[in-house]
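1. below is the sequence, then the predicted model.
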Amino acid sequence: MNKEEVVFKIERLKKEKNAVILAHNYQIGEVQDVADYIGDSLGLSQKAAQVKEELIIFCGVHFMAETASILAPEKTVLMPEIKAGCPMANMITASELREWKKDHPGSKVVCYVNTTAEVKAECDICCTSSNAVNVVNSLDGDTILFAPDKNLGAYVARHTKKNIIPWDGYCYVHNNILARDIKEKKNLYPGGEVWVHPECRPEVIDLADRVFSTGKMVKEARKTKKRDIIIGTETGIIYRMKKENPNKNFYPARDMAFCSNMKKINLIKVLKSLENMIYEVRVPQKISQKARGAIERMVEI
Ligand code: 13P
Ligand code: SF4
């Protein structure tokens, strides 16, 4: 089957089954091209709850599909590749979080959306990379346990008076972007503006002109008057940025900033997912209700 035939079959099955395809900004180009919506992690889960279709094909990593299932429990959420997990989300378990809370009685717990549903169910409130500072500042109490990303935790700590105690987790993709990568790219593209994700190391953030979530990067790419932008996040996002802004240049801060889990989904797997109704992601109701509370408290802010 050639690519056109695969796309044709996907489109036909989507109509037959009343399905919608959601893809994260880091997905490979051919998957982004068949998606009905492309976006950041929380935005896609919220989209899952808003769309009229009952079947969601979620092209991203596992915690994102879980969040979609939590926010749209009446819908069927399928992941074309069930092994696409987020190593950072798996760096803290619900039982580890329970133990950590016992060690810090009276503290508030903020969980990044990059966590499992079980972990979300144990926290006071969730946050995303774009609202983490506001979420932390909205809380009563001075001591905040922040999980799992120590780099995002350090970023928040710079912008709040609260005492942030970070979990020792990190995203291997962003943590591997080094200050010397940024310096090299600035030498190669003098005048280029540097945009980085807050999952990057503090010393990388120090060298950046702007710090954005993936959703904000896509929006700013449309607005900016700059022609050359050095992008400090997973390189998959550059496909969309170039497609939407053909007159601007986007350069990866690190050429190898590559999330292997995000690349596990391809067109054939999307087709198989629709054909065979695989792989369903459903969060048990007891966990889902508690996790939903933490997400809704964030959305209210
Ligand atoms: P966003 O929420 O900014 O899309 O980030 C998700 C992610 O996995 C970053 O590595
Ligand atoms: Fe997880 Fe990092 Fe991949 Fe995002 S880029 S899904 S945080 S491993």
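-> Perfect, thanks for sending it. Ligands and ions are numbered 1, 2, ... in the order given.

2. tell me how many other residues crowd the residue in the stretch 51-200 of the chain positioned nearest to ligand 1.
-> Residue of the stretch 51-200 of the chain nearest ligand 1, by CB to the nearest ligand atom: Ser129 (4.6 Å). Placement of C-beta: from N, CA and C, glycine included. By the criterion of other CB atoms under 10 Å, Ser129 has 24 neighbours.

3. one more: the one 5 residues further on?
-> Residues contacting Asn134 under the criterion other CB under 10 Å number 14.

4. from ligand 2, how far out is it?
-> Taking CB to the nearest ligand atom, to the nearest Å as the measure, Asn134 falls 20 Å from ligand 2.

5. model confidence at that residue, what's the number?
-> Asn134 carries a pLDDT value of 95.

6. the closest residue to it other than its chain neighbours: how many residues sit nearby?
-> What sits nearest to Asn134 in space, not counting adjacent residues and going by CB to CB, 6 or more residues apart in numbering, is Ile301, at 5.8 Å. For Ile301, the count of nearby residues is 12 (other CB under 10 Å).

7. report the contact partners of Ile301.
-> Residues in contact with Ile301, defined by CB atoms under 8 Å, 6 or more residues apart in numbering, are 131, 134-135, 138.

8. among those, which pair sits farthest apart?
-> The span of the contacts of Ile301, defined through CB to CB, is set by Asn131 and Ser138 at 9.4 Å.

9. tell me the pLDDT of the residue of the stretch 101-250 of the chain found nearest ligand 2.
-> Residue nearest to ligand 2 within the stretch 101-250 of the chain: Cys171 (3.3 Å; CB to the nearest ligand atom). You'll see Cys171 listed with a pLDDT of 98.

10. would you check that it makes contact with Met88?
-> Yes: contact status for Cys171 versus Met88: in contact at 4.5 Å, counting by CB atoms under 8 Å.

11. and the strands in this protein?
-> In the chain, the strands defined using DSSP state E lie at 19-24, 37-39, 55-59, 76-78, 108-112, 125-127, 143-147, 163-166, 193-196, 210-211, 228-232, 249-252.

12. give me phi/psi at the residue of the stretch 101-250 of the chain closest to ligand 2?
-> Backbone torsions for Cys171, taken as degrees, to the nearest 10, come to phi -90, psi 120.

13. okay, now it: neighbour count?
-> 25.

14. from Cys200, how far out is it?
-> Here Cys171 is placed at a distance of 9 Å from Cys200 (CB to CB, to the nearest Å).

15. got any residues that touch both of the two?
-> Asn151.

16. for the residue nearest the centre of the chain, which non-adjacent residue is closest in space?
-> Nearest residue to the geometric centre of the chain (CA atoms, centre = their mean): Ser41, 3.8 Å. In space, and not counting its chain neighbours, Ser41 is closest to Met64: 4.9 Å by CB to CB, 6+ apart.

17. mind listing what the one you found touches?
-> Counting by CB under 8 Å, 6+ apart, Met64 makes contact with 24, 41, 44-45, 58, 113.

18. now with 7 Å, please.
-> 24, 41, 44-45, 58 (CB atoms under 7 Å, 6 or more residues apart in numbering).

19. what does Tyr172 give?
-> Applying CB under 7 Å, 6+ apart, we find Tyr172 in contact with Pro87.

20. the one 5 residues further on too?
-> With contacts taken as CB under 7 Å, 6+ apart, Ile177 has the following neighbours: 200, 204, 232, 253-254, 257.

21. just flag the most distant two among those residues.
-> The largest separation in the contacts of Ile177, counting by CB to CB, is between Val204 and Ala257 at 11.1 Å.

22. pull the residues that contact stretch 179-187.
-> By CB under 7 Å, 6+ apart, the list of residues contacting stretch 179-187 from outside reads 192, 194, 203-204, 207, 230, 232, 251, 253-254.

23. ok, of those residues, which come out buried?
-> 192, 194, 204, 207, 230, 232, 251, 253-254 (16 or more other CB atoms under 10 Å).
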